[in-house]
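[1] Have a look; sequence and predicted model below, questions after that.
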Amino acid sequence: MTPDLPTPRRPTPDLSIIIVNWNVRDLLRGCLQSIAQGRGMLGLEVIVVDSASEDDSAAMVRREFPWVRLLACVENVGFPRGNNLGIEAANGRFLYLLNPDTQIIGDALNVMVQYLAQHPDVGVVGSQLLYPDGRIQSSRRRFPTLATGLLESTWLQPLAPAHLLRYYYAQDLPDNETADVDWVMGASLMTRRAVAAQVGGMDEAYFMYSEELDWCRRIKSAGWRVVYLPAAQVVHHEGKSSEQAVTARHIHFNRAKLRYFRKYHGRLPTLLLRLVLLLNYGWQLALELIKGGLGHKRPLRWQRVRAYWAVLRSGLRPAGY
């Protein structure tokens, strides 16, 4: 009788790339092609978490990229939960969260892996993001203050003091120099398996937006550095998933912002921020009603009226509270 032979152990990949996809099939194809071209000599595994896409994304991955591990969900699980599913399934020493609407340029993957390998105190590396036309896309930040929360990404932003936004967007740091920052965009964020094991995965209450801000804050609080690394470049076709659901984007973005402030700044600042946001939407709703009533671009005005009314009806309560 032939004895049972031990199952050979698969080598640990250098890098696990985790891509959470929702209805951006063609962009996902381009992303996976760029990974194949840019992998070099890296031991690589790629995990696509598909959030119940309706554009045959999952079928495309199975058909065209058999080397990709597909986790096909039966519902839209959101960005944090999708990434957590990928992290749980990953085997690599390093973990790379990558948006499906991105393309790797050159040897960016190896540049980020080597930087983490050579700097054991760095917990997160973010690449430089580029628009498709080659312009640099803002991708590094400092932690927001209450003033930032009240003004940034609201209709009040034009009134914000220039120094406030300059500091938040880290515009005092040269675009083409490596720098320590507070957080980097989740469109292209590489970390260590040890970091994820220490601090846990992303906070799934966010669903989308602010999850990487929260994660980087927890990682920095655990003693790790967060670094912006422009030697690694990635093209980012910004917001191609979220633009498919404009009203939901407004609600998720602001509820996520409020969750972050509730967790790290307390109840009273969050109540103030929530009131200001609701007043913002109420004022914009009134303006759109007036413009629509005067006959100016009526289809656009009524679309915005419906969206802003839905936001107001939601109450913008902090996600998870």
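    Yep, it's here. Numbers count the residues shown, from 1 in each chain.

[2] any idea how far stretch 298-311 is from the chain center?
    26 Å (Cα atoms, centre = their mean, to the nearest Å).

[3] what's the answer for stretch 202-215, then?
    For stretch 202-215, the distance to the chain centre is 8 Å (Cα atoms, centre = their mean).

[4] And for stretch 64-77?
    On Cα atoms, centre = their mean, the centre of stretch 64-77 falls 18 Å from that of its chain.

[5] Let's test this: mean pLDDT of that stretch, rounded?
    In this model, stretch 64-77 carries a mean pLDDT of 96.

[6] what does it contact?
    Stretch 64-77 is contacted by residues 22, 29, 32, 45-52, 58, 61-62, 82, 85-86, 89 when judged by Cβ atoms under 8 Å, 6 or more residues apart in numbering. (Glycine included, C-beta is placed from N, CA and C.)

[7] Give me the buried positions along that stretch.
    65, 68-73, 76-77 (16 or more other Cβ atoms under 10 Å).

[8] Taking the contacts of stretch 64-77, please make a PyMOL selection of just the buried ones.
    Burial among the contacts of stretch 64-77 is assessed by 16+ other Cβ under 10 Å; the matching PyMOL selection reads:
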select buried, resi 22+29+32+45+46+47+48+49+50+51+58+61+82+85+86
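
[9] quick one: buried residues of stretch 108-123?
    Under 16+ other Cβ under 10 Å, the buried positions of stretch 108-123 are 108-113, 115-116, 122-123.

[10] in a strand, that's where Trp309 is, yeah?
    No. Under DSSP: H, G, I helix; E, B strand; the rest coil, Trp309 falls outside any strand and is assigned helix.

[11] show me what contacts it?
    Leu285.

[12] from the contacts of stretch 64-77, which ones fall inside helices?
    29, 32, 58, 61-62, 82, 85-86, 89 (DSSP state H).

[13] got these as JSON lines, with distance to Leu97 columns?
    Formatted as JSON lines, those follow (distance: Cβ to Cβ, whole Å):
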{"residue": "Arg29", "distance to Leu97": "19"}
{"residue": "Leu32", "distance to Leu97": "15"}
{"residue": "Ala58", "distance to Leu97": "19"}
{"residue": "Val61", "distance to Leu97": "17"}
{"residue": "Arg62", "distance to Leu97": "22"}
{"residue": "Gly82", "distance to Leu97": "10"}
{"residue": "Leu85", "distance to Leu97": "12"}
{"residue": "Gly86", "distance to Leu97": "8"}
{"residue": "Ala89", "distance to Leu97": "13"}
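
[14] out of these, which one sits closest to Tyr209?
    Distance ranking of these against Tyr209, using Cβ to Cβ, places Gly82 first at 13.7 Å.

[15] Correct me if wrong: the closest one contacts Val49.
    Yes. At 4.2 Å, Gly82 and Val49 qualify as touching, with contact defined as Cβ atoms under 8 Å.

[16] quick one on the thing from earlier: any chance of TSV for the buried residues of stretch 108-123, columns distance to Ala319 and secondary structure?
    As requested, those are exported to TSV (distance: Cβ to Cβ, whole Å; DSSP: H, G, I helix; E, B strand; the rest coil):
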residue	distance to Ala319	secondary structure
Ala108	32	helix
Leu109	32	helix
Asn110	36	helix
Val111	34	helix
Met112	30	helix
Val113	33	helix
Tyr115	33	helix
Leu116	30	helix
Val122	29	strand
Gly123	25	strand
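
[17] got a markdown table for those residues, with distance to Pro174 and pLDDT too?
    Shown next, in a markdown table, are these (distance: Cβ to Cβ, whole Å; pLDDT from 0 to 100):
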| residue | distance to Pro174 | pLDDT |
| --- | --- | --- |
| Ala108 | 19 | 97 |
| Leu109 | 24 | 97 |
| Asn110 | 23 | 97 |
| Val111 | 18 | 97 |
| Met112 | 19 | 98 |
| Val113 | 24 | 98 |
| Tyr115 | 17 | 98 |
| Leu116 | 22 | 98 |
| Val122 | 19 | 98 |
| Gly123 | 23 | 98 |
